[in-house]
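J.: predicted model follows, preceded by the sequence.
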Amino acid sequence: MAYDASNHSDGNVFIYAPKQKALMLVDVIFPGWVPFLYLAIAKDVDGFIKAHDIALNNYDFDTLVPGHFTRLGTRNDVIVQFLIWKRQLPKQTRKFNLARLLLK
């Protein structure tokens, strides 16, 4: 068990079982789903995104236990969601901020 950084909420930890090549990270990765409203109410958005990078670079896992879901995930689920956040979130944020300025 490791507390690598703030992400979904303070104290949200990475639980790793190396023999089973399994990682548990609750409320950050959503295998086969889009995240819940407001990035699952993430307390630290930068940390939420960074948690994907930490999972991929610090842990050798094949199985992801995301919590609150009936489906386990894979390393590929983390990669897919990470790429979406890295590419889309900044674009969407810029669009949102521009729209807010235009509506004033």
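T.: That came through, no problem.
J.: which stretch of helix or strand covers the residue positioned nearest the centre of the chain?
T.: In the chain, the C-alpha nearest the mean C-alpha coordinate belongs to V28, at 3.5 Å (CA atoms, centre = their mean). For V28, there is no enclosing helix or strand under DSSP states H and E.
J.: what's the answer for the one 3 residues further on, then?
T.: Element membership of P31, judged by DSSP H and E, is empty: it is in no helix or strand.
J.: so how far is N76 from it?
T.: 9 Å (CB to CB, to the nearest Å). Backbone N, C-alpha and C define where each C-beta goes, glycine included.
J.: who's more crowded, the two?
T.: More crowded of P31 and N76, by other CB atoms under 10 Å: P31, with 17 against 11.
J.: could I get the full set of strands for this structure?
T.: Taking DSSP state E as the test, the strands found in the chain are 15-17, 22-24, 63-65, 73-74.
J.: so for A51, which of the ones you listed sits nearest?
T.: Of all those, the one in closest proximity to A51, counting by CB to CB, is strand 22-24 (10.9 Å).
J.: and that closest one, how far from the chain's centre?
T.: Averaging C-alpha positions (CA atoms, centre = their mean, to the nearest Å) puts strand 22-24 13 Å from its chain's average.
J.: fine by me, thanks again.
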